[in-house]
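Trainee: Take this sequence and fold it.
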Amino acid sequence: MYHNILVPLDGSQRAESVIPYVENLARHEQAKVIFCQAIEPATRSAVVDLDEEHVTFKPQKITQTKEYLQSWQEKFQAQGLTAEILLLRGVAVDAILEAANLVKADLVAMTSQGKTGLAKILYGSVVSGVFSRLQRPFLIVRGGTKMTVTPNQQILVPLDGFKPSEKILPYAKEIAQRYNTKLLLARVVRTSHKATTLVDVNQNFYEPKVSDALFYKLSQHQEIERLQNAKDYLLKWQKTLQQEGVKAEVNLMYGRPLDSLIRLANKKDVNMVAMTSHGQGGLDRMFYGSLTNSLMQQLSCPFLFVRSSEPTKEPVKNFL
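Mentor: Predicted coordinates:
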């Protein structure tokens, strides 16, 4: 599934929180890991030629960065893993995006700043800039978290009933098959109710004979129809995945999407959330509004994002 994993670092322990996850992936996928770091140079080349004698960087800075990246390269190689290093120059976001294209990264893995700094991360930081423009799968791990001994036992996969949100399913399915992981398919039917309600998908929905009021009956009918459609949608995907040998569990809820997903993730103690980075309806706001920030603030597990739109071929600049 993954052949080339790009890991941008900045020399801090916080940024290194993603490395155990990358190590685990590299070992299972036999993937090559490319450690990179952006520095402030005075040259026009986006990639530093480590063998070039006349590089217009501060020698101390480039030496420190090179040695730092090589230390991680050597640690991986000592474990029989394939690792390379890449020095970048200029604006970190642009350099990382160009590096991802250059090495044909199947996955870019980075660390967020942690719970108190996620607003900054998602709105204006390097991770935010990469997240908003990256056309490749993106793994985000919260700074300061430690990988569990048995990772990815249960992966939460939020869906909204639209095609874009389903782009994550091939990636989630691949992880489930390789790691013997259960997928928790989740859909939230948005209602005016404040409290999250978990719906038993084995029950039959019906309209209670409480009132003959036309508007009440109409409202009840529409609510039941929405729940039934969501139920059928999840059961369809569960059946499809199970036929391919994937363990899949259906979780239908109604209420507020954010509260519902957080409650489910905590209840199931999920090891990862896998979702597309652009959906429709509620999920669209989840990724690009306050819901995204809140979801990542309150869940400490890694997030795997896949762009729902078709990737565009961006020319690689300054790597000639």
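
Trainee: Val130 and Phe162, how far apart?
Mentor: As judged by CB to CB, to the nearest Å, Val130 and Phe162 stand 25 Å apart. No exception for glycine: its C-beta is placed from N, CA and C like everyone else's.

Trainee: Settle it for me: which of these two has more neighbours?
Mentor: Using other CB atoms under 10 Å as the criterion, Val130 and Phe162 rank with Val130 on top: 21 against 14.

Trainee: Does Phe35 touch Leu88 like I think?
Mentor: No - judged on CB atoms under 8 Å, Phe35 makes no contact with Leu88 at a distance of 10.9 Å.

Trainee: for the record, mean pLDDT for the longest helix along the chain?
Mentor: When the chain is parsed with DSSP state H, its longest helix is helix 214-243. Helix 214-243 shows a mean pLDDT of 80.

Trainee: and it, what does it pack onto?
Mentor: When contacts are defined as 3 or more CB pairs under 8 Å, 6 or more residues apart in numbering; DSSP states H and E, helix 214-243 packs onto helix 169-179, strand 182-190, strand 248-255.

Trainee: Could you rerun that using 6 Å?
Mentor: Packing contacts for helix 214-243, counted by 3 or more CB pairs under 6 Å, 6 or more residues apart in numbering; DSSP states H and E, involve strand 182-190, strand 248-255.

Trainee: could I get those strands as JSON lines with mean neighbour count, mean pLDDT and distance to Leu97?
Mentor: JSON lines is the format used below for the helices and strands packed on helix 214-243 (neighbours: other CB atoms under 10 Å; pLDDT from 0 to 100; distance: least, CB to CB, whole Å):
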{"stretch": "strand 182-190", "mean neighbour count": "22", "mean pLDDT": "93", "distance to Leu97": "30"}
{"stretch": "strand 248-255", "mean neighbour count": "21", "mean pLDDT": "92", "distance to Leu97": "34"}
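
Trainee: which stretch among these comes nearest Ala265?
Mentor: Closest to Ala265 of the helices and strands packed on helix 214-243 is strand 182-190 (CB to CB; 8.5 Å).
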